[in-house]
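Student: Generate coordinates for the sequence data below:
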Amino acid sequence: LLEALQASMCWRPIELSSSRLTLRFGEAFELVVALNPGAPATHNVSLVQLRSRLPLSPAELDEPEPHVLVLHALSSRIQADVSNEMVNCRSTAQLRALLRTVSLRLGRLLELSDEVQALAAS
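Tutor: Numbers count the residues shown, from 1 in each chain. Okay, the predicted model is just below:
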């Protein structure tokens, strides 16, 4: 499990226990992992969820900033792209690979969001 965390250094641990992990990526995303501590290594992960910490929809904001619109639009796509991997993740080895995939995609998304924010400010 520690290897999985080290493989994705962009994640900050929010909750670490023997049965649950919550990791935060930037300020906009969290990955929640439910663990089965006594299970065999091939079945020690029971649930993986990628959660957005963004407002439920840009319409909830008085004036949504362009970078928030980009985050909303593309985070749903990332969620859809990795949903099968999250559902099928049952071991820490699979979790490590999933963290790498999600880290790369979210990292790119946050970089794009930063660029949009910079363009909007200029």
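Student: What score does L61 have for pLDDT?
Tutor: We have a pLDDT of 65 for L61.
Student: do E115 as well
Tutor: The score at E115 is 92. That number is its pLDDT.
Student: Now the helix or strand harbouring it: buried residues?
Tutor: Using DSSP states H and E, E115 sits in helix 92-121. For helix 92-121, the neighbour count (16 or more other Cβ atoms under 10 Å) marks 92, 94-96, 98-99, 102-103, 105-106, 109-110, 113, 116-117 as buried. C-beta: built from backbone N, CA, C; applies to glycine.
Student: and it, what does it pack onto?
Tutor: Counting contacts by 3 or more Cβ pairs under 8 Å, 6 or more residues apart in numbering; DSSP states H and E, helix 92-121 packs against helix 2-7, strand 20-25, strand 29-35, strand 45-52, helix 66-88.
Student: Compare those and say which comes out lowest on pLDDT.
Tutor: Of all these, the minimum mean pLDDT falls on helix 2-7 (a mean of 50).
Student: Next, work out how far apart the closest residue in space to S113 that isn't next to it in sequence and G38 are.
Tutor: Among residues not flanking S113 along the chain, H67 sits closest, at 4.4 Å (Cβ to Cβ, 6 or more residues apart in numbering). Separation of H67 from G38 (Cβ to Cβ, to the nearest Å): 44 Å.
Student: same deal with L106?
Tutor: Distance from L106 to G38, counting by Cβ to Cβ: 31 Å.
Student: try L112
Tutor: In terms of Cβ to Cβ, L112 sits 42 Å off from G38.
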